[in-house]
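> Dropping a prediction and its sequence here:
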Amino acid sequence: MQNNESAVAPESVRQRVQLDFTPEAFERLWEIKEMAEAKTNAEVVRNALRLYEWFLKQRRENYKSQLVKDNKVKEVEIVL
């Protein structure tokens, strides 16, 4: 008999994660969900993880962050 789990692609297997938020952190999550027009909290967290991963890769490569508005450039340091 073949193991069914080995026949399933790893990316299609979902893992459940439970997170505990303070009321303030949950309010931030809700506000971000509304601003992003996300359908679920999970969508917000997945997007945040993608952005954080991208940011860490850029920082590892010694890139600098800038904000540009009306042709004005402001270098910013993001400290986490």
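Now that the structure is in, tell me what you want to look at.
> Now do the SS call for the residue nearest to the spatial centre of the chain.
Residue closest to the mean C-alpha point of the chain, counted by Cα atoms, centre = their mean, is Ala48 at 1.4 Å. Put simply, Ala48 is helix when judged by DSSP: H, G, I helix; E, B strand; the rest coil.
> Tell me the spacing between it and Trp54.
According to Cβ to Cβ, to the nearest Å, Ala48 stands 11 Å off from Trp54. For every residue, glycine as well, the C-beta is placed using N, CA and C.
> Same check on Ile32?
17 Å.
> Of these two, which one has the most company?
Between Ile32 and Trp54, Ile32 has the larger neighbour count (other Cβ atoms under 10 Å), namely 15 against 10.
> got a list of what Lys33 touches?
Contact partners of Lys33, counting by Cβ atoms under 8 Å, 6 or more residues apart in numbering, are 40-41, 43-44.
> what about burial for the residues you listed, which qualify?
Among these, the ones that count as buried by 16 or more other Cβ atoms under 10 Å are Val44.
> would you list the contacts of Lys33 in JSON lines and tack on distance to Arg16 and secondary structure?
What follows is these, written out as JSON lines (distance: Cβ to Cβ, whole Å; DSSP: H, G, I helix; E, B strand; the rest coil):
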{"residue": "Thr40", "distance to Arg16": "13", "secondary structure": "coil"}
{"residue": "Asn41", "distance to Arg16": "13", "secondary structure": "helix"}
{"residue": "Glu43", "distance to Arg16": "15", "secondary structure": "helix"}
{"residue": "Val44", "distance to Arg16": "16", "secondary structure": "helix"}
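> Kind regards, and thank you for your time.
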